[in-house]
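**Q** sequence and computational prediction follow.
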Amino acid sequence: MVSMALAVFGRPSLAEPPSFLFSWRTFEDPLVELDWVGGIVSDGAGHYWITELVANQLVKITEDGDEVLRVGSEGENPGQLQQPRGLARDASGNLYIADQINNRIQKWGPDGEFLLEWG
């Protein structure tokens, strides 16, 4: 079992310093198992999306650390990932993943559905 602690900070604007948002820890009984976090972004509704480098997946969790959804798999086909690193969200809730080994950007919908790719 790998121990993990995560703290998330945010800032309302670049003029203000970051402030603490939440944290959770997993040790003996993890709420969600993550081997290597590549990126994390809030959906603005109390959930967080995380790219998981080892499993090559996109994971949605609650503020309490409960896993809601896990999508994606390792590979080079559309909707598959290889070391997903950067993660961003647009105003519509769409997610953009920097799929490092495949040298592309993938767009996923707010429901975790693969939409399209560039690169």
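**A** Looks like it arrived, so ask away.
**Q** so what's Gln57 bridging to?
**A** Counting by DSSP bridges, Gln57 forms beta bridges with Glu52.
**Q** likewise for Ala98?
**A** With DSSP bridges as the criterion, Ala98 is bridged to Ile105.
**Q** that one is in contact with Arg85, isn't it?
**A** Yes: with contact defined as Cβ atoms under 8 Å, Ala98 reaches Arg85; the gap is 4.8 Å. All C-beta atoms are positioned from the backbone trio N, CA, C, and that covers glycine.
**Q** now for those two: what residues contact both?
**A** Shared contacts of Ala98 and Arg85, defined by Cβ atoms under 8 Å, 6 or more residues apart in numbering, comprise Gly39.
**Q** those two: who's more crowded?
**A** Between Ala98 and Arg85, counted using other Cβ atoms under 10 Å, the more crowded position is Ala98 (20 against 15).
**Q** right, and Pro110 touches Asp43 too?
**A** Yes: applying Cβ under 8 Å, one finds Pro110 in contact with Asp43, separated by 6.8 Å.
**Q** what sits in contact with each of those two?
**A** The contact sets of Pro110 and Asp43 overlap at Gly93 (Cβ under 8 Å, 6+ apart).
**Q** buried stuff in stretch 46-62?
**A** For stretch 46-62, a neighbour-count test (16 or more other Cβ atoms under 10 Å) marks 47-53, 55-61 as buried.
**Q** would you list the phi and psi of Asp111?
**A** phi -90, psi 0 (degrees, to the nearest 10).
**Q** count of residues packed around it?
**A** 9.
**Q** report pLDDT for it.
**A** We note a pLDDT of 94 for Asp111 in this prediction.
**Q** before we move on, which element is the residue nearest the centre of the chain in?
**A** Central residue of the chain (Cα atoms, centre = their mean): Ile50, 1.5 Å from the mean position. Element membership for Ile50, per DSSP states H and E: strand 47-52.
**Q** how about Arg70?
**A** Using DSSP H and E, Arg70 sits in strand 67-71.
**Q** so which bits of that strand are buried?
**A** So for strand 67-71, counting by 16+ other Cβ under 10 Å, buried means Arg70.
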